[in-house]
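Chemist: fold the following.
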Amino acid sequence: MIHENWLLLLLYSFLLVALGNSLLASCTAIYYQNQSIGRLSHSQLRIKQGTATLEQRINVFAQSLIFSFISFRIYFITLLVWLAACGAYYFFPIH
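Modeler: Numbers count the residues shown, from 1 in each chain. Sure, this is the predicted structure:
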């Protein structure tokens, strides 16, 4: 059975990955480097071009955060972060 702290660590890992993904989507043009212009929303296109306003960045941040709850990529990265954290805790226990 998984220890209750490990489940809490899983929740923290998901929040960390989801917030990190949302920050990358709303603040950097590198996030949209390999996506064609036709697949981007207006706000995402403005971020890619570097001319986005604060309102557009907040809009993209909120959209990315909401869509991270159904993204398998976020789940997979969360699982990897969680396994790395559990392994680090197992090999280097904090007492």
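Chemist: centroid residue for the protein?
Modeler: Centroid check for the chain by CA atoms, centre = their mean gives Asn21 as the closest residue, at 2.5 Å.
Chemist: that one against Ile74, yeah?
Modeler: Yes: contact criterion CB atoms under 8 Å: Asn21 and Ile74 qualify, at 6.1 Å. No exception for glycine: its C-beta is placed from N, CA and C like everyone else's.
Chemist: so for these two, which residues contact both of them?
Modeler: Common contact partners of Asn21 and Ile74 (CB atoms under 8 Å, 6 or more residues apart in numbering): Ser68.
Chemist: which element, helix or strand, includes the residue nearest to the centre of the chain?
Modeler: helix 4-27 (DSSP states H and E).
Chemist: any idea how far that helix is from the chain center?
Modeler: Centroid separation for helix 4-27 versus its chain: 6 Å, with CA atoms, centre = their mean, to the nearest Å.
Chemist: what lies in contact with the helix or strand following that helix?
Modeler: The helix or strand immediately downstream of helix 4-27 is helix 42-49, counting by DSSP H and E. Residues from elsewhere that reach helix 42-49 (CB under 8 Å, 6+ apart): 25-29, 31-33, 35, 37, 40, 52-53, 56-57, 59-60.
Chemist: give me the residue ranges of the protein where confidence is low.
Modeler: By pLDDT under 70, the weakly predicted segments of the chain are 1-4, 95.
Chemist: picking that back up, restricting to C-alpha, output the helix holding Asn21 in PDB.
Modeler: Extracted C-alpha coordinates of helix 4-27, given in PDB (Å, rounded to 0.1, in the frame of the first residue of the first chain):
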ATOM      1  CA  GLU A   4      -0.300   8.700   2.400                       C
ATOM      2  CA  ASN A   5       2.700  11.100   2.100                       C
ATOM      3  CA  TRP A   6       3.400   9.600  -1.300                       C
ATOM      4  CA  LEU A   7      -0.100  10.400  -2.500                       C
ATOM      5  CA  LEU A   8       0.300  14.000  -1.300                       C
ATOM      6  CA  LEU A   9       3.600  14.100  -3.200                       C
ATOM      7  CA  LEU A  10       1.700  12.900  -6.300                       C
ATOM      8  CA  LEU A  11      -0.700  15.800  -5.900                       C
ATOM      9  CA  TYR A  12       2.100  18.300  -5.400                       C
ATOM     10  CA  SER A  13       3.900  16.900  -8.500                       C
ATOM     11  CA  PHE A  14       0.800  17.300 -10.600                       C
ATOM     12  CA  LEU A  15       0.400  20.900  -9.400                       C
ATOM     13  CA  LEU A  16       4.000  21.700 -10.100                       C
ATOM     14  CA  VAL A  17       3.900  20.200 -13.600                       C
ATOM     15  CA  ALA A  18       0.500  21.900 -14.500                       C
ATOM     16  CA  LEU A  19       1.600  25.300 -13.200                       C
ATOM     17  CA  GLY A  20       5.000  25.000 -15.000                       C
ATOM     18  CA  ASN A  21       3.300  24.100 -18.200                       C
ATOM     19  CA  SER A  22       0.900  27.000 -17.900                       C
ATOM     20  CA  LEU A  23       3.700  29.400 -17.200                       C
ATOM     21  CA  LEU A  24       5.700  28.200 -20.200                       C
ATOM     22  CA  ALA A  25       2.600  28.500 -22.400                       C
ATOM     23  CA  SER A  26       1.800  32.000 -21.300                       C
ATOM     24  CA  CYS A  27       5.300  33.500 -21.000                       C
END
